[in-house]
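[1] Sequence and predicted structure below; questions after.
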Amino acid sequence: MFSMMGTSQIHTTSSRRSNTRATINMPKIQVPKSPISLPKLPSRSFAENLDNMTQILDNSNFSSSLTNSNSFTRHMISPNGANEKANLVKMYAIMEAVSDRIEMHKNIGAQRENWNTLLLTSINSITLTAATMSGISAATAVSSGSPGEALKLGAIILYVAATGLLAVMNKIQPSQLTEEQRNASRLFKQILQEIQTKLSLGNVTSSDVNEAMERVLALDKAYPLPLLGTMLEKFPKKVEPAVWWPRKIHQKTKQVKTGNNGWSEKLEEEMREICGVIERRDVEEYLRLSKKALDFNKFLAISGPVLTGLAALGTALAHHGTVPAVVGVVGGALASVVNSFEHGGQVGMVFEMYRSNAGFFRLMEETIESNLKERDFERRENGQVFETKVALQLGRSLSELRNLAAKSRSRSRINGADRLDHKEEEFASKLF
């Protein structure tokens with residue numbers, strides 16, 4: 001009986017154990033495999049695990065497995081880790097400098113725009129006040145020491161001050177300075193965006209760093225910040241397109257690779273035609289407009305101080321007759337009109353805008369020519385991407401760009417290059 005009870009208890013206990021095992025036997029969860037294969041770390045102390053992690057990060061096999069990680073991680077653990085990390089640090093330093101340049105040109109441009117407004121208002125107020133005082137003194141002229149003589153003396157002083165201020169203002173051309181800072185800020189933003197794109201794509205090389213440095217220094221030279229010594233000539237003898245990019249000597253390579261890198265003979269011919277249209281129409285047109293704006297600005301810049309100077313002289317000689325008195329009043333009024341037209345209309349800014357547009361098209365022309373001169377297709381920019389960039393910069397679609405090249409080619413063949421009337425040719429750009 002005892003044995004039977006013992007046997008029954010044993011069976012009950014074993015059945016309970018089996019039931020207990022059944023309740024805690026959870027189904028296996030299938031964890032999806034990660035695309036990143038991480039090596040197993042040995043279970044040691046925390047310090048030893050850190051040393052092992054450092055060795056793993058230096059291993060090139062681990063870096064090759066992180067194909068889906070971000071670009072910065074790929075840079076830090078690439079096989080050429082030291083050089084690539086140095087290039088990254090340099091590129092980030094250049095990017096910080098470019099960001100600072102953008103803020104500098106933005107702030108100084110706002111300051112010089114305020115100069116233009118304040119100087120214009122002040123000089124016009126001084127000139128008109130002097131003209132009013134000159135007229136009153138001429139109308140009430142009596143013996144020496146009368147109130148008329150005091151008004152005349154005050155008008156002469158104001159005219160002389162206006163002449164000096166006008167001479168300085170016409171020399172520095174604040175509206176043109178403001179346009180220079182706007183252009184510099186915009187071009188530095190382009191460099192910043194290109195640097196960010198290269199960092200996101202990865203594989204930053206030393207040539208990329210050198211190119212970015214050259215572009216920053218060339219832009220600093222093209223649009224200087226100081227007014228003394230390095231300021232751009234506001235009235236140059238010869239009008240030329242603005243240049244803000246480093247000039248490079250493109251050397252032809254003897255060996256030509258088999259890959260075309262998106263280029264074809266048809267695309268090369270199309271780019272040559274586009275380059276010719278840009279040179280004949282867009283660059284020439286904006287240089288012509290720049291020359292007109294410069295000549296007009298010269299005339300206004302000379303006329304303003306001359307008129308205020310004549311007004312001061314007429315006011316001083318007002319007691320000799322009616323003509324000097326009229327010159328003293330009318331000269332001041334005309335000087336205010338000329339000054340308002342020159343600086344209120346920002347003729348200097350218009351000249352700089354035309355000059356910068358000519359530089360933009362000259363840069364496009366040199367970029368196209370440099371790609372066509374490079375015989376190694378692998379060293380060129382991808383042909384299809386380059387064609388898209390050119391079309392967007394000219395404000396055209398790809399079909400419109402190809403039609404423009406076809407029209408230029410057909411006109412050249414029918415009329416001949418020497419007899420071709422370029423004035424009837426279509427402009428390459430639809431933006432400006």
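    Thanks, I have it. Numbers count the residues shown, from 1 in each chain.
[2] For the closest residue to I108 other than its chain neighbours, grab the count of nearby residues.
    Closest residue to I108 apart from its sequence neighbours, by CB to CB, 6 or more residues apart in numbering: Q181 at 5.5 Å. The way it works is simple: take the backbone N, C-alpha and C, and place the C-beta from them, glycine included. Close neighbours of Q181, defined as other CB atoms under 10 Å, add up to 21.
[3] What residues does Q181 make contact with?
    Going by CB atoms under 8 Å, 6 or more residues apart in numbering, Q181 touches 105-106, 108-109, 112, 223.
[4] And for E365?
    So E365 contacts 275, 278-279, 283 (CB under 8 Å, 6+ apart).
[5] Farthest-apart pair in those residues, please.
    The most widely separated members of the contacts of E365 are C275 and V283, with 10.4 Å between them, by CB to CB.
[6] which regions of the stretch 251-400 of the chain lie under the pLDDT threshold?
    Within the stretch 251-400 of the chain, the ranges that satisfy pLDDT under 70 run 251-259.
[7] now the helices: where do they sit in it?
    265-277, 284-316, 322-339, 347-373, 383-393, 398-415 (DSSP state H, counting those that start in this stretch).
[8] The shortest one to helix 398-415, inter-axis angle?
    Meaning helix 383-393. Between helix 383-393 and helix 398-415, the angle comes out at 90 degrees (axes from the mean of the first three to the mean of the last three CA atoms, to 10 degrees).
[9] Counting neighbours, what do you get for F427?
    16.
[10] picking up where we left off before, now do whichever strand or helix holds the residue nearest to I108 and helix 347-373, the angle between them.
    When elements are assigned from DSSP states H and E, Q181 belongs to helix 174-201. On the basis of the same axes, to 10 degrees, helix 174-201 is oriented at 30 degrees to helix 347-373.
[11] Can you point out the buried residues in the very next helix or strand once past helix 174-201?
    Reading on from helix 174-201 to the C-terminus, the next helix or strand found by DSSP H and E is helix 206-222. For helix 206-222, burial by neighbour count (16 or more other CB atoms under 10 Å) applies to 208-209, 212-213, 215-216, 218-219, 222.
[12] Redo these as TSV? Include distance to T388 and pLDDT.
    Converted to TSV, those look like this (distance: CB to CB, whole Å; pLDDT from 0 to 100):
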residue	distance to T388	pLDDT
D208	22	91
V209	26	93
A212	23	94
M213	28	94
R215	22	94
V216	26	95
A218	26	94
L219	25	95
A222	27	93
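[13] Export those residues as a markdown table, with columns for distance to A318.
    Conversion of those to a markdown table gives the following (distance: CB to CB, whole Å):
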| residue | distance to A318 |
| --- | --- |
| D208 | 70 |
| V209 | 69 |
| A212 | 64 |
| M213 | 63 |
| R215 | 59 |
| V216 | 58 |
| A218 | 56 |
| L219 | 53 |
| A222 | 50 |
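[14] rewinding a little: with respect to F235, which of the helices of the stretch 251-400 of the chain lies nearest?
    helix 284-316 (5.7 Å).
[15] Going by neighbour count, which residues in the closest one are buried?
    285-287, 289-290, 293-294, 296-297, 300-301, 303-316.
[16] ok, back up a step: R402: which of the contacts of E365 is nearest?
    C275 (14.4 Å).
[17] so who does the residue sitting nearest the centre point of the chain touch?
    Taking CA atoms, centre = their mean, the centroid of the chain lies closest to L187, which sits 0.9 Å from it. Residues near L187 by CB under 8 Å, 6+ apart: 219, 223, 244.
[18] gap between it and T127?
    Per CB to CB, to the nearest Å, L187 is found 37 Å from T127.
[19] likewise L317?
    According to CB to CB, L317 and T127 sit 19 Å apart.
[20] What of K266?
    Applying CB to CB, the value for K266 to T127 is 63 Å.
[21] Specify which residue of those two has the higher count of neighbours.
    For K266 versus T127, neighbours defined as other CB under 10 Å are more numerous around T127 (31 against 10).
[22] can you point me to the longest helix in this protein?
    When the chain is parsed with DSSP state H, its longest helix is helix 81-139.
[23] now it, how far from the centre of its chain.
    A distance of 16 Å separates the centroid of the chain from that of helix 81-139, by CA atoms, centre = their mean, to the nearest Å.
[24] Who are the packing partners of the next helix or strand after it?
    Per DSSP H and E, the first helix or strand lying C-terminal to helix 81-139 is helix 147-172. When contacts are defined as 3 or more CB pairs under 8 Å, 6 or more residues apart in numbering; DSSP states H and E, helix 147-172 packs onto helix 81-139, helix 284-316, helix 322-339.
[25] how big is the angle separating the first one from helix 174-201?
    Put simply, helix 81-139 runs at 170 degrees to helix 174-201, going by the same axes, to 10 degrees.
[26] just the last one next, same as before
    Following the same axes, to 10 degrees, one obtains 10 degrees for the angle between helix 322-339 and helix 174-201.
[27] For helix 322-339, which helices and strands make contact with it?
    Where contact means 3+ CB pairs under 8 Å, 6+ apart, helix 322-339 is packed against helix 81-139, helix 147-172, helix 284-316.
[28] Kindly report the same for the longest one.
    For helix 81-139, the contact count by 3+ CB pairs under 8 Å, 6+ apart identifies helix 71-76, helix 147-172, helix 174-201, helix 206-222, helix 284-316, helix 322-339 as packing neighbours.
[29] Specify the stretch among those that is closest to L401.
    L401 lies closest, by CB to CB, to one member of the helices and strands packed on helix 81-139: helix 284-316, at 18.9 Å.
[30] How far does the closest one sit from its chain's centre?
    Chain-centre distance of helix 284-316: 30 Å, with CA atoms, centre = their mean.
[31] From the contact counts, what lies against it?
    With contacts defined as 3+ CB pairs under 8 Å, 6+ apart, the packing partners of helix 284-316 are helix 81-139, helix 147-172, helix 322-339, helix 347-373.
[32] Identify each buried residue in stretch 275-286, please.
    Neighbour-count burial for stretch 275-286 [16+ other CB under 10 Å]: 275-283, 285-286.
[33] now stretch 267-274
    For stretch 267-274, using 16+ other CB under 10 Å, the buried residues are 267, 270-274.
[34] wait, which of those is closest to L158?
    Using CB to CB, these come closest to L158 at I274, 56.6 Å.
[35] where's the closest one relative to T315, distance?
    I274 is 60 Å from T315, by CB to CB.
[36] Identify the residues contacting T230.
    P224.
[37] one step back: would you mind giving the helices and strands packed on helix 322-339 as JSON lines with distance to E381 added?
    What follows is those, written out as JSON lines (distance: least, CB to CB, whole Å):
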{"stretch": "helix 81-139", "distance to E381": "20"}
{"stretch": "helix 147-172", "distance to E381": "40"}
{"stretch": "helix 284-316", "distance to E381": "25"}
